[in-house]
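Asks: Dropping the sequence and predicted coords here.
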Amino acid sequence: MSDHTTRGWPKPSIYDVAKHAGVSHMTVSRVLNDHPNIRESTRERVLQAIEEMQYTRSSIARALATRKAMRIGVLVDSPVQWGPNSTLRAIESAARSFGYAVSAFSISDDDELPIATGITDLVAQGIDALCVIAPRASALDLLREQSANMPTLVIKSEPDPHVHTVAVDQGAGARLAVSHLIDLGHTAIAHVAGPLDWYDARAREQAWRETLTGAGLPVPASIIGDWTSDHGYEVGRSGQLDDYTAVFAANDQMALGIIHGLAERGIRVPDDMSVVGFDDLPDSRHFLPPLTTVRQDFAALGTLALQLLIGAIDGEERAVHDVIEPELIIRGSTAALTR
C-alpha cells in the first residue's frame, strides 16, 4: 500500500499517480481513455497505482483536463461549536456535489497550533482554494497575514474588501427574534449574548440593540455569555432576568439553560417569561416548552460558499459578499404579554 494511504495524506494529483507508476502523466491519461497503443504491462501498472492510491478515474481525468487538484481546504476555528461544525458539514456536502474533495484543519480554543500552521498544512495538500470558518475576530486577523496568494472565502456576516465572504444574515435573524417579542407586547427584553469576539455574537447583539432603539424601547446592558447551557442556567437562576418579561438568547444552548434556571425558581416559560433562541438545534423542538428560535440554512450556505469559491478559482478577483436569509421558527416558549 502506498505512503499516501498509510499516512492519511490527501488523494494525489495526476502527476503523483504517474510518478508512482513510473510513467508520464500522458500515459496515465491514455490508460484512462483506453488508448489502444499502450502495453498491457504498463496499463496494469497504472491501474494498480490508481487502486493503491485510492484515487478515482473521474477525478484524475478532471484534474488532468483542468490542471486543478479539485480540492478545497477548510480551516475551522472552534469546531466543537454548533455553527462552525454545521458549516463545515454543509461545505463538505456541497463540495461533493460540485465534484470537489475537502481537506479540513481545525483549531480549538485550547489548541497551541497557530493559524499559519493550519494554512501551511492545507496548502501542502495541493488545494485550489481556502475556505475559512473563522467566527472569532482574532482568528481572522491572523488569516489576513497568511493567505494573500490563495483564492480565499471567509464565512462571516460582514463584507471584507480583500476576500470573498458569505454567511447567514445574523443581524436579520436577531431582528426577527426581537421583533417577534415586541409584536407580542413585550417592552422589557433582555439579551444573553455570545462572546463578543465572535462575529455572529456581535452581529446578533447589535441587531437586538438597534431593534429595541427603533421601537422606542429601553436598551439595557446585554449579559455576556459563553454559548453554553451552563451559563444560561446560571443566568436563569441568578435573578438577572427579574426585571424583564422576555429574553433573546444568542443561541439555543444558552436558551435551554435559561429555561432550566428559571424553572428552578418557579418562573414559568412562557407564562412568566418568553424565551427566544438562535440556531434551531435538532433538539430545540423537544425543549420544555419547545423553543422559539431562528433557523440557519446551513445547506444553502454550503452551496453558496462553493459557488463563490469555484468562481474565485476560475479567476473572479472582485471580492463578493452574499448572505442567506434566516427563518423565525415560532414554538411554545413565547407568548403574548399578559401583565
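Replies: Done, it's in. A quick note: this is a predicted structure, and the numbers were derived from the prediction, not measured. Numbers count the residues shown, from 1 in each chain.

Asks: Tell me which stretches of the protein form strands.
Replies: Taking DSSP state E as the criterion, the chain contains strands spanning 71-77, 101-107, 129-133, 152-155, 164-168, 189-193, 223-224, 246-249, 274-276, 293-295, 321-324, 327-329.

Asks: Find the one among the ones you listed with the highest mean neighbour count.
Replies: For the strands of the chain, average neighbour numbers computed from mean count of other C-beta atoms under 10 Å are highest in strand 246-249, which has a mean of 30. Quick note: C-beta positions are derived from backbone N, CA and C, even for glycine.

Asks: Flag the shaky bits of the stretch 1-150 of the chain, pLDDT-wise.
Replies: Within the stretch 1-150 of the chain, the segments meeting pLDDT under 70 span 1-15, 25-26, 29-30, 32-36, 54-69, 79, 108-116, 135, 137-149.

Asks: now Thr334: how far from Gly216?
Replies: 21 Å (C-beta to C-beta, to the nearest Å).

Asks: Looking at these two, which one has more neighbours?
Replies: Counted by other C-beta atoms under 10 Å, Thr334 and Gly216 do not tie: Thr334 has more neighbours, with 23 against 7.

Asks: The more buried one touches Asp271, doesn't it?
Replies: No - in terms of C-beta atoms under 8 Å, Thr334 does not count as a neighbour of Asp271; the distance is 11.0 Å.

Asks: tell me the centre residue of this structure?
Replies: Nearest to the centroid of the C-alpha atoms of the chain, with distances taken as C-alpha atoms, centre = their mean, sits Thr87, at 2.6 Å.

Asks: Please tabulate the strands of the chain in TSV, including the columns distance to Arg175.
Replies: Supplementary listing: the strands of the chain in TSV, determined by distance: least, C-beta to C-beta, whole Å:
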stretch	distance to Arg175
strand 71-77	26
strand 101-107	31
strand 129-133	24
strand 152-155	20
strand 164-168	13
strand 189-193	12
strand 223-224	19
strand 246-249	10
strand 274-276	12
strand 293-295	10
strand 321-324	13
strand 327-329	10
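
Asks: circling back to that earlier point, what's near enough to touch the closest residue to the residue nearest to the centre of the chain other than its chain neighbours?
Replies: In space, not counting the residues next to it along the chain, Thr87 is nearest to Ile133; the distance is 5.1 Å by C-beta to C-beta, 6 or more residues apart in numbering. Under the criterion of C-beta atoms under 8 Å, 6 or more residues apart in numbering, the neighbours of Ile133 are 74-77, 79, 84, 87-88, 91, 155.

Asks: With distance to Leu288 added, can I get those residues in CSV?
Replies: Below are the contacts of Ile133 laid out as CSV (distance: C-beta to C-beta, whole Å):
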residue, distance to Leu288
Val74, 36
Leu75, 38
Val76, 32
Asp77, 33
Pro79, 29
Pro84, 28
Thr87, 29
Leu88, 30
Ile91, 34
Ile155, 33
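
Asks: Report the two of those residues separated the most.
Replies: The largest distance within the contacts of Ile133, taken as C-beta to C-beta, falls between Asp77 and Ile91 and amounts to 13.9 Å.
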